[in-house]
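1. next one to model:
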Amino acid sequence: MPQVAHDLGSGTVGRTGGARTKGPAGLVARGSVAIATVFMFSLVFASSGSVPSVMAQNDPAAQISTSLVLAQAFTTALNAHDVDELVSLFSEDGPGATIHADRYAWTTFEIRLWAQHQVRANIRADVDEYQITDHGAAWNATVYRDDWRDSGMESVPLLNSIWVEDGKIMDFTSKLANLGDAERLAQLWRPGSLPDPAR
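-> Residues are numbered from 1 along each chain as shown. Predicted coordinates:
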């Protein structure tokens with residue numbers, strides 16, 4: 001198969017035959033092929049929505065793409081009641097990811113408890129629009145849960161956001177759009193409390 005060789009003297013790119021070129025020219029040829037291969041893999045990852053963390057760190061466009069993909073994937077997993085998929089979106093690096101919502105969760109174990117609690121309540125979220133922020137994404141959602149409906153709240157408008165690092169969610173925050181809803185929800189909205197254990 002022809003290889004791409006770089007002429008150091010002229011700065012031009014030419015083709016060599018199938019035989020491996022020896023000496024400095026051969027090293028340059030192999031280096032050029034390696035660079036081209038990495039570039040092609042980068043294009044494949046970017047087009048598939050799976051952006052490597054190094055690329056996301058250095059490319060603002062990749063950061064935007066990653067944040068939007070994660071925000072949409074979060075809502076999709078929540079509506080599908082897919083606990084495993086939801087938990088997989090969160091980072092396990094450093095001190096661990098967090099959730100600040102109707103309950104507080106820290107680390108994968110508690111995040112899983114939080115997700116299981118949402119599923120037991122038959123959660124469903126309708127999203128208006130996702131927006132990019134300095135550190136991730138934000139969106140307004142109208143959220144429905146069986147226990148909220150039983151308390152007289154047919155739906156609850158929420159202000160949601162995620163903080164993204166290295167292609168993973170480091171924090172999910174959900175705030176009441178109407179502060180008066182906290183009184184109506186009472187014990188069903190306790191941001192400082194740990195998630196209820198599975199029953």
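
2. which ones are touching W139?
-> With contact taken as Cβ atoms under 8 Å, 6 or more residues apart in numbering, W139 is in contact with 71, 75, 127-131, 160-161. (Glycine included, C-beta is placed from N, CA and C.)

3. among these, who's most crowded?
-> Using other Cβ atoms under 10 Å as the neighbour criterion, A71 leads the contacts of W139 with 26 neighbours.

4. so how far is T133 from that residue?
-> Counting by Cβ to Cβ, to the nearest Å, the gap from A71 to T133 is 10 Å.

5. about what we covered before: in strands only, show me the contacts of W139.
-> Assigned to strands by DSSP state E, the following of the contacts of W139 qualify: 127-131, 160-161.

6. so among those, where is pLDDT lowest?
-> Within the set of the ones in strands among the contacts of W139, pLDDT is lowest for D128 (88).

7. now do the same contact list for that residue.
-> By Cβ under 8 Å, 6+ apart, the neighbours of D128 are 139-142.

8. which one of those sits closest to T66?
-> W139 (15.3 Å; Cβ to Cβ).

9. ok, and the closest non-adjacent residue to the closest one?
-> Among residues not flanking W139 along the chain, Y130 sits closest, at 4.7 Å (Cβ to Cβ, 6 or more residues apart in numbering).

10. just to check, the one you found is in contact with A137?
-> Yes - taking contacts as Cβ atoms under 8 Å, Y130 lies within contact range of A137: 5.4 Å.

11. mutual contacts of these two, please.
-> Applying Cβ under 8 Å, 6+ apart, one finds that Y130 and A137 are jointly contacted by 68, 71.

12. sorry, back to before: ok, so of the ones in strands among the contacts of W139, who is nearest S193?
-> When the ones in strands among the contacts of W139 are compared against S193 (criterion: Cβ to Cβ), the nearest one is N160, at 19.0 Å.
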